[in-house]
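A.B. asks: need the 3D shape of this:
(chains A and B)
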Amino acid sequence: GEDVEQSLFLSVREGDSSVINCTYTDSSSTYLYWYKQEPGAGLQLLTYIFSNMDMKQDQRLTVLLNKKDKHLSLRIADTQTGDSAIYFCAEMSGGYNKLIFGAGTRLAVHP
Amino acid sequence: KAGVTQTPRYLIKTRGQQVTLSCSPISGHRSVSWYQQTPGQGLQFLFEYFSETQRNKGNFPGRFSGRQFSNSRSEMNVSTLELGDSALYLCASSLVGLAGADTQYFGPGTRLTVL
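C.D. replies: You can find the predicted model right below:
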C-alpha cells in the first residue's frame, strides 16, 4: 500500500543544519518530493529526486535517498528563521499527479 | 507569470449545503489536481483533470466532484456538506501531469468551514 511517514517536529538553532527524515512504502515510486508550507499558504516545491539517484544537491538543500530502506532525507544547511515551516515528503503513486504526502514535519528555528 | 489562483480564499457554509470552489492554473498548464488538507487526515488527493477529462481519483465519496473547462480552469463541488468537510482545499497545476520535471505548483488554497 501507499504510506509516507515523517517525524512531526524538529527544533534547531539558527545556523545549524536541519535533517528531516521520511520513509515510504511504495517501491514502485519513481519520484519523491519535498514541499514546504508556511502558515496560511499553499505548498511550495523545494526539490525532487528520481529513484535512480541517491543524492541531489540544490544550494542549501541536500536530498539523500536510500532506496533499499525506502528512506528519504532533506538536509538544510545553515538553517535560518525563514526556514521555519512545515515540510512535507511526498511520493508520486497511482498515476497522474497523485501525490501521497507524509503528515509533515514542523521545523522550528530558534536563535 | 501568474501563479495558481483559487477563489474564494475563505468560505463558511452550513451542513447540508453545497459549495463550489474554483481554480485557475498557471497559463499553459493543462493538468489540475485537487487536494484536501485537514489536521486529522493530512493532505489527501481528490482528483486530477487534464483536457477536461478526469484521469485520476482519490478515495472520496461521490459528494465530491469536479470538472475542467476548455481553458483548463477547474471547479470542484461538494454537495450535502458535513462538518468533516471543513478543510483547506488546495489546487495544483502542471503542464501535462506527468511525474518528475513536470512539477505541480500549488495555489494558496480555499479554507472551507462547515458549521
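
A.B. asks: tell me where chain A has strands.
C.D. replies: Counting by DSSP state E, chain A has these strands, from start to end: A:4-6, A:9-13, A:18-24, A:31-37, A:43-50, A:55-58, A:61-66, A:71-76, A:85-92, A:99-101, A:105-110.

A.B. asks: export these to JSON lines and tack on mean pLDDT?
C.D. replies: As requested, the strands of chain A are exported to JSON lines (pLDDT from 0 to 100):
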{"stretch": "strand A:4-6", "mean pLDDT": "93"}
{"stretch": "strand A:9-13", "mean pLDDT": "97"}
{"stretch": "strand A:18-24", "mean pLDDT": "95"}
{"stretch": "strand A:31-37", "mean pLDDT": "93"}
{"stretch": "strand A:43-50", "mean pLDDT": "91"}
{"stretch": "strand A:55-58", "mean pLDDT": "93"}
{"stretch": "strand A:61-66", "mean pLDDT": "95"}
{"stretch": "strand A:71-76", "mean pLDDT": "96"}
{"stretch": "strand A:85-92", "mean pLDDT": "93"}
{"stretch": "strand A:99-101", "mean pLDDT": "90"}
{"stretch": "strand A:105-110", "mean pLDDT": "96"}
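
A.B. asks: closest one to residue B:115 among those?
C.D. replies: Closest approach to residue B:115 among these (Cβ to Cβ): strand A:31-37, 25.4 Å. C-beta: built from backbone N, CA, C; applies to glycine.

A.B. asks: tell me the angle of that closest one relative to strand A:43-50?
C.D. replies: 160 degrees (axes from the mean of the first three to the mean of the last three Cα atoms, to 10 degrees).

A.B. asks: ok, strand A:31-37: who's next to it in the sheet?
C.D. replies: When pairing is defined by DSSP bridges, strand A:31-37 lines up against strand A:43-50 (antiparallel), strand A:85-92 (antiparallel).

A.B. asks: what is the neighbour count of residue B:88?
C.D. replies: Residues within reach of residue B:88, counting by other Cβ atoms under 10 Å in any protein chain shown, total 18.

A.B. asks: can you give me the strands for chain B?
C.D. replies: Under the criterion DSSP E, chain B contains strands at B:5-7, B:10-13, B:19-24, B:31-38, B:42-50, B:53-57, B:64-68, B:74-78, B:87-94, B:105-106, B:110-114.

A.B. asks: quick one, the last one and strand B:74-78 angle?
C.D. replies: Inter-element angle recorded for strand B:110-114 and strand B:74-78: 10 degrees (by the same axes, to 10 degrees).

A.B. asks: how about the fifth one?
C.D. replies: Using the same axes, to 10 degrees, one finds that strand B:42-50 and strand B:74-78 are set 130 degrees apart in direction.

A.B. asks: one more: the fourth one?
C.D. replies: With the same axes, to 10 degrees defining the directions, strand B:31-38 sits at 40 degrees from strand B:74-78.

A.B. asks: nearest residue to residue 53 other than its sequence neighbours?
C.D. replies: Defaulting to chain A. Leaving aside its chain neighbours, residue A:53 sits nearest to residue A:65 (6.4 Å; criterion: Cβ to Cβ, 6 or more residues apart in numbering or on different chains).

A.B. asks: let's do chain B instead
C.D. replies: Of all residues apart from its sequence neighbours, residue B:68 sits closest to residue B:53 (Cβ to Cβ, 6+ apart), at 7.6 Å.
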